[in-house]
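In: take this sequence and fold it.
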Amino acid sequence: MTDRVESLEAAAREALGERARSIDVALGECTIVVAAADLPAAMRTLRDAPPLRFGMLVDACGVDYATWANRAWEGRRFAVVYHLLSLANNQRVRVRTFAEDDDFPVVPSLVDLWPAINWFEREAFDLFGIVFDGHPDLRRLLTDYGFVGHPFRKDFPLSGHVEMRYDPEQGRVVYQPVTIEPREIVPRVVREDKYADTE
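Out: Residues are numbered from 1 along each chain as shown. Sure, this is the predicted structure:
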C-alpha cells in the first residue's frame, strides 16, 4: 500500500510541477494543495495525464478554517477540498485549494471538467459563501431564497438571524427575527437513598 501511495506522489509531483504548492502523504492518503489560480489546469492534468487518470470526481466540499483543532488557524480561512478517484489505477487523491480573499472567497468553477460538480459547488456557495467563478447557475441549493448568511461558517450564530413561519391570519409565509428563548437544560438525575451502598 505504501509503495502505491509513494508512486502516486511521485507521478503527481512530476505531472503537476510548480502548480502543486505541496504534496503530502499521511495515513496512506495523498493530499495535494494547489493555488486557486492554478486549479483548473492542475485538475485537468490530474484527470488526463496517463499515469494519473483521475477521471471521477467523488466529492467537493467547502471548509472554514477560522479555527482548527481548538486554536486559531494560520493562513487563508476558506478552502475547497476535492476527492478524486482513478478507476484505471484504483487510487484516490485529495486536492485542496484556498480562496485568496477571506472576506469574499472566490475559487474557479470546475463544471467544464466535471459537470457533476455543479451541485457540490452550489452547496459550498450556499453553506460557506464560497463563490465559484464561471459557474453557470450559482444560487442557493439547500437554504431558503430569503436566507441571510451562510450557516456552515464558524462565525454564523447558532440561532440564526431570521426565521420563517406560516402565518394563518395573513395566509402566507412570513420572515421575522429569531425568537428562540435561550434556556438552560439540566439533566434530570434520579438519586436513590441506598444506590451506592454495598450492604
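In: what's the longest helix anywhere in the chain packed up against?
Out: Scanning the chain for the longest helix, with DSSP state H as the assignment, gives helix 2-16. In terms of contacts (3 or more Cβ pairs under 8 Å, 6 or more residues apart in numbering; DSSP states H and E), helix 2-16 is packed against strand 20-26, strand 29-34, helix 39-48, strand 91-98. Quick note: C-beta positions are derived from backbone N, CA and C, even for glycine.
In: just the pLDDT for the residue nearest the centre of the chain.
Out: Geometric centre of the chain, nearest residue: G62, 2.1 Å, by Cα atoms, centre = their mean. Note for G62: predicted pLDDT of 96.
In: beta partners of it?
Out: V80 (DSSP bridges).
In: what about the residue nearest to E121 when sequence neighbours are not counted, how many neighbours?
Out: Counting by Cβ to Cβ, 6 or more residues apart in numbering, F132 is the residue found nearest to E121 once chain neighbours are left out, at 4.4 Å. Per other Cβ atoms under 10 Å, the neighbour tally for F132 reads 23.
In: what's the first helix or strand after the one helix or strand F132 maps to?
Out: In the assignment (DSSP states H and E), F132 maps to strand 131-133. Of the helices and strands lying after strand 131-133 in sequence (DSSP H and E), the nearest is strand 162-167.
In: so what are the sheet partners of that following strand and their directions?
Out: By DSSP bridges, strand 162-167 pairs with strand 172-177 (antiparallel).
In: contacts for the partner strand?
Out: With Cβ atoms under 8 Å, 6 or more residues apart in numbering as the test, strand 172-177 has contacts from 146, 161-167.
In: now with 6 Å?
Out: With Cβ atoms under 6 Å, 6 or more residues apart in numbering as the contact definition, strand 172-177 has outside contacts at 146, 162, 164, 166-167.
In: dump the residues you listed into a markdown table; add neighbour count as well.
Out: Listed next are those as a markdown table, based on neighbours: other Cβ atoms under 10 Å:
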| residue | neighbour count |
| --- | --- |
| G146 | 10 |
| V162 | 14 |
| M164 | 11 |
| Y166 | 9 |
| D167 | 10 |
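In: ok, back up a step: list the contacts of the strand holding F132.
Out: Under Cβ under 6 Å, 6+ apart, the answer for strand 131-133 is 106-109, 121, 138.
In: for PyMOL, what selects the buried ones among those?
Out: Under the burial definition 16 or more other Cβ atoms under 10 Å, those of the contacts of strand 131-133 that qualify are selected in PyMOL by:
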select buried, resi 107+108+109+121+138
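In: mind putting the contacts of strand 131-133 in a markdown table, distance to A49 included?
Out: Output for the contacts of strand 131-133, formatted as a markdown table (distance: Cβ to Cβ, whole Å):
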| residue | distance to A49 |
| --- | --- |
| V106 | 27 |
| V107 | 22 |
| P108 | 19 |
| S109 | 21 |
| E121 | 23 |
| L138 | 29 |
